[in-house]
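*Asks:* Quick one: sequence plus predicted model below, questions after.
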There are 2 protein chains.
Amino acid sequence: MARKPTVYDVAREADVSIATVSRVLRTPERVRPQTRQTVLNAISLLGYLPSGSARSLAARKTNSIGLFLPNIDQLDQIGEFELTSDDAADMVIDPPQGQEDNTDSLYFDEVLRGCELESWRQGLSLMVSIGLRGKGDDIPQLINSMSEKVDGLIVLARSVPDTVLAFLRKRLPVVMIANAPANQENEFDLVRVSNRKGMYVLVRHLVEEHGVTSMAYVAGTDDSPDNGKRYEGFCEGLRSEGLEPSAAPIYRGQFSQSSAYQITGSLVRQGTLPRALVCANDQMALGALRALSEAGVDVPGQVIVTGFDGIKETAVSRPRLTTVRQPMVDLGRAAVSTLVKRLEDPDSPPISTELPVRVELRESCEGAMD
Amino acid sequence: MARKPTVYDVAREADVSIATVSRVLRTPERVRPQTRQTVLNAISLLGYLPSGSARSLAARKTNSIGLFLPNIDQLDQIGEFELTSDDAADMVIDPPQGQEDNTDSLYFDEVLRGCELESWRQGLSLMVSIGLRGKGDDIPQLINSMSEKVDGLIVLARSVPDTVLAFLRKRLPVVMIANAPANQENEFDLVRVSNRKGMYVLVRHLVEEHGVTSMAYVAGTDDSPDNGKRYEGFCEGLRSEGLEPSAAPIYRGQFSQSSAYQITGSLVRQGTLPRALVCANDQMALGALRALSEAGVDVPGQVIVTGFDGIKETAVSRPRLTTVRQPMVDLGRAAVSTLVKRLEDPDSPPISTELPVRVELRESCEGAMD
DNA sequence: CTTCTTAGTGTATGCGCTTACATTCAAATG
DNA sequence: CATTTGAATGTAAGCGCATACACTAAGAAG
């Protein structure tokens, strides 16, 4: 590949000035059709591709936005990748489920999809990067990586440490998905779902339709605002039915299958299973399901199980899982949409959007039984 | 947000030249520690963030690479997105599985993850974009979108029309994942998996361990090289066991659950079920499983079902699915790694890498039975 | 004491584009 | 026919950075 052709090359080839070349690309209607064609021919002849850097520099904007996804496990531990060809097919019996507990990725892929989609619609490029949770002080790395190349950022909750966030926010528009750093909810542009309302509706359903009066909450990690909101909804739901939230036990899980698996297992052994296990997310609900299945406890006959998020596995599990589905693609779209608004009008007050959720009733709560 | 500070502002603040500021960032060891500190202070005081565009322009490279993922359905049909807040939670009974047949995304998310990971390791930024399958002639849009901002591209098979690919390839390094355009396999840098070998090993396993002599192949779409290679492996496997491939029926599906569901359904009705249904991908295997389950056919007792890909659902389905797992994350990493090599040495011959697959035996083929 | 190095810094140029402004020229106007 | 006007194009000035090269000062070498 020879040196890449530039406007100058095209201009010379078409025997016009560089300004005309640029105009053919930016504002073709201001160029005489004949000239335009000459230039286009030259462009195609030379295989000219404008330089995004130069364009961005001159325009003082990149038309790109960045998306931070949460960390994958421990990035530090990820080693070299060796590029070796190997036409092989090993055989493995009953392979362990590797990353079953990588709760995050299940959810983020769809958000990404939404961002991608909406960026495309808006004519923006999307840059994605792994977050830097835990690597709080490596701001140079961060800068090198992405922030200097975009007009604004979308950050999934907890994918970037608050200190870094504060740093970034000072010089770039930042839109948060799911939730903002503590105590700053009102300073960030924000897109989230109705966690509280979703859980509220679900709990009321359990009480009203299934007459459940004894339920337990299987919680996620404490530091998760999602978890907090969902628990709030849980309590309000109970109260609205005249039940006392404090009477409902809370079991603290980690949002992971294994944590709920263990919790449920010990409930079985202690014989303290409630009528319904309301889990803070789907992964935990799946874990509970597994434990109950192994213990021979009938779901939903003996115990009802519900999840939250609406990941794909909920539609395949046995029994299929009742859950509260988040509009994840729309979350992504809304985030991009918000960022675009922010870029258009940097000084307007923070934009906060709450997207509706959908309570999906399936067999795990008898919702779809005959 | 005021005008963004530049090197000039920092230089003035620190009372040095812009060259020194630049050096502090690029080659700190060449600056006297004391000066360096002064500059760093100024940078932090002003909240200076270097301009990626300017940097890239001066350096003549962007340190970014692009990734094309396949189309999401019909992009054209995707409408405006309206940003409205709505704190609601509707209720739906037994929701239909919306995009169950969006085969692609299941697979690509993990590839993306690998690209992301490896880009991060290599200090590159990753730009992702939806492919333009079907929009073959909208090259201007394409250019605007991304290609002009990156040093090289990674393209997932069939996400970009061949014409566009030809266009891009002339001015940017392009690495293909899965397969190159027909008749150009030897001209592209390529990363793929051992489709043939995987299916070969699987088929031999079915014959040798389960004594299967009657099996059918549920094929994907014709235009898929993946499908082709897998079928080759299928045939070779049979031949190697002294069986005649032409005796094994082929049923042509679309890689989708529903296609295999229908195929399997009619086999049940006709009473022409083979001992084993070897599916070209997991989605179809899941569809088959569903049809068999509804027909009350025992898997694996009466019919063995196998998939290909190793998507997550295979580990949750009932029975869990025997499949050939592709190292999807590694596919992504290998692609980035290849692209980096290519950028370092633009004129070396095409790099082609074949990654090993893993045959994962689960209940759907009795592999994990007691 | 002079000359040569070398570390540290500044000056100036160019990266490839966009765009305000200047120029040209033909058609429209009086 | 002189003048105005507007469309089409060219000229040139940045955009913010990296870096080759020039320069300075101070120590090393002679």
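*Replies:* Received, thanks.

*Asks:* Can you tell me which residues in the stretch 51-200 of chain A are near DNA strand D?
*Replies:* Residues of the stretch 51-200 of chain A lying near DNA strand D by CB under 7 Å from any atom of the strand: A:54, A:57, A:58, A:60. Placement of C-beta: from N, CA and C, glycine included.

*Asks:* hang on, the second one in a helix?
*Replies:* Which is residue A:57. Yes: looking at residue A:57 with DSSP: H, G, I helix; E, B strand; the rest coil, it is inside a helix.

*Asks:* Now it. Nearest residue, chain neighbours left out?
*Replies:* With CB to CB, 6 or more residues apart in numbering or on different chains as the criterion, residue A:57 has its nearest non-adjacent residue at 4.1 Å, and that residue is residue B:53.

*Asks:* What number of residues are in the vicinity of that neighbour?
*Replies:* When neighbours are defined as other CB atoms under 10 Å in any protein chain shown, residue B:53 has 25 of them.

*Asks:* quick one, phi/psi of it?
*Replies:* The phi/psi pair for residue B:53 (degrees, to the nearest 10) reads phi -60, psi -50.

*Asks:* returning to that earlier point: could you dump the residues of the stretch 51-200 of chain A next to DNA strand D to a markdown table with distance to residue A:323, pLDDT and neighbour count?
*Replies:* Shown next, in a markdown table, are those (distance: CB to CB, whole Å; pLDDT from 0 to 100; neighbours: other CB atoms under 10 Å in any protein chain shown):
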| residue | distance to residue A:323 | pLDDT | neighbour count |
| --- | --- | --- | --- |
| A:54 | 49 | 95 | 16 |
| A:57 | 48 | 95 | 19 |
| A:58 | 49 | 94 | 12 |
| A:60 | 46 | 93 | 11 |
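
*Asks:* Of those residues, which fall within the contact range of DNA strand C?
*Replies:* A:54, A:57, A:58.

*Asks:* residue contacts, the second one?
*Replies:* When you say that, I think you mean residue A:57. Applying CB atoms under 8 Å, 6 or more residues apart in numbering or on different chains, we find residue A:57 in contact with B:51, B:53, B:54, B:57.

*Asks:* ok, the first one - how many residues close by?
*Replies:* Each residue near residue B:51 was counted by other CB under 10 Å, and the total is 20.

*Asks:* Next up, the contacts around the nearest residue to it once chain neighbours are set aside.
*Replies:* The shortest distance from residue B:51 to any residue other than its chain neighbours is 6.3 Å, reached at residue A:148 (CB to CB, 6+ apart). For residue A:148, the set of contacting residues under the criterion of CB under 8 Å, 6+ apart consists of B:49, B:50, B:51, B:52, B:55.

*Asks:* my read is residue A:148 is in a helix, agree?
*Replies:* Yes: counting by three-state DSSP, residue A:148 is part of a helix.

*Asks:* can you pull the pLDDT of it?
*Replies:* What the model reports for residue A:148 is a pLDDT of 91.

*Asks:* repeat for residue A:75
*Replies:* 56.

*Asks:* leaving aside the residues next to it on the chain, what's closest to residue A:156?
*Replies:* Here the nearest residue to residue A:156 in space, its sequence neighbours aside, is residue A:177; by CB to CB, 6+ apart that works out to 4.9 Å.

*Asks:* list the contacts for that neighbour?
*Replies:* With contacts taken as CB under 8 Å, 6+ apart, residue A:177 has the following neighbours: A:111, A:154, A:155, A:156, A:157, A:191, A:192, A:331, A:332, A:335.

*Asks:* that older thread, my guess is the residue nearest to residue A:57 meets residue A:62, correct?
*Replies:* Yes: with contacts defined as CB atoms under 8 Å, residue B:53 counts as touching residue A:62 at a distance of 6.2 Å.

*Asks:* Give me the common contacts of these two.
*Replies:* A:52, A:56, A:149.

*Asks:* Now do the helices in the stretch 251-370 of chain A.
*Replies:* Listed in chain order, the helices of the stretch 251-370 of chain A (DSSP state H, counting those that start in this stretch) span residues A:257-270, A:282-295, A:328-344.

*Asks:* Show me the domain layout of chain A.
*Replies:* With automatic domain parsing serving as the domain definition, the record reports that chain A contains domains spanning A:7-59, A:64-75+A:102-193+A:329-355, A:195-326+A:358-366.

*Asks:* Just the mean pLDDT for the longest one, thanks.
*Replies:* Per-region confidence: domain A:195-326+A:358-366 scores 92 on mean pLDDT.

*Asks:* do the same with stretch A:333-352
*Replies:* The predicted model assigns stretch A:333-352 a mean pLDDT of 94.

*Asks:* distance of the nearest residue to residue A:330 once chain neighbours are set aside from residue A:315?
*Replies:* Here the nearest residue to residue A:330 in space, its sequence neighbours aside, is residue A:355; by CB to CB, 6+ apart that works out to 5.6 Å. Taking CB to CB, to the nearest Å as the measure, residue A:355 and residue A:315 are separated by 21 Å.

*Asks:* What of residue A:275?
*Replies:* 24 Å.

*Asks:* what does residue A:256 give?
*Replies:* Applying CB to CB, the value for residue A:256 to residue A:315 is 20 Å.

*Asks:* This completes my enquiry, with thanks.
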